[in-house]
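J.: could you look at this predicted model? Sequence included:
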Amino acid sequence: MNQKELKELIEFLIEKDITEFELERGDVKVRIRRGTEAAAAPADRIIAVHSAGIAPPQVSADVHAAAPPAPAVPAATPAAEKPEEGLHMVHSPIVGTYYESPSPGSPPFVKPGDLVEAGQILCIVEAMKLMNEIEADVAGEIVKMLVKNGAPIEYGQELFAIRPKK
């Protein structure tokens, strides 16, 4: 199952308001559960993806014990932290590797305290050797960068907290 198929599946489940789904295709098993498990958890969260022999894009830190060992993906923010009210969160539209600058040694696209306009590039997410520019969807001030440079990120993971312009 490739990244595009996984994204289409998630969008379909959201559209049809399906709260729990499990799919087994060959040696890949995907289990998706939607709901309000915790206030800090995104509403649409992939619970587990694992396989025998191949490594699909890592989309969750919750891997079943029966799965072969896989590197754990660090959580975006600790569950104990409550996001500041009124902040807009920028989420990753894809699974990949987060980069804060256009090339090694270059200054980051943005840093906390910067004012950004809607459409301004915030970072790059590399997925399958393609560099995808992630743009701000609101104008405002960057309050917090939630991911470290070079870190693997999940679909829907929070990347930036922006205080929108009034």
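T.: Okay, I see it.
J.: can you give me the strands for this structure?
T.: 20-25, 28-34, 44-51, 88-91, 96-99, 115-116, 121-127, 130-135, 140-145, 152-153, 158-164 (DSSP state E).
J.: deepest in the core, which of those strands is it.
T.: strand 152-153 (a mean of 22; mean count of other CB atoms under 10 Å). For glycine as for every other residue, the C-beta is placed from the backbone atoms N, C-alpha and C.
J.: that one pairs with which strands, parallel or anti?
T.: Here strand 152-153 has these sheet partners by DSSP bridges: strand 96-99 (antiparallel).
J.: so which residues make contact with the strand it pairs with?
T.: The contact list for strand 96-99 (CB atoms under 8 Å, 6 or more residues apart in numbering) reads 57, 92, 123-128, 131-132, 147-153, 159.
J.: recalculate using a threshold of 7 Å.
T.: When contacts are defined by CB atoms under 7 Å, 6 or more residues apart in numbering, strand 96-99 is touched by residues 123-127, 147, 149-153, 159.
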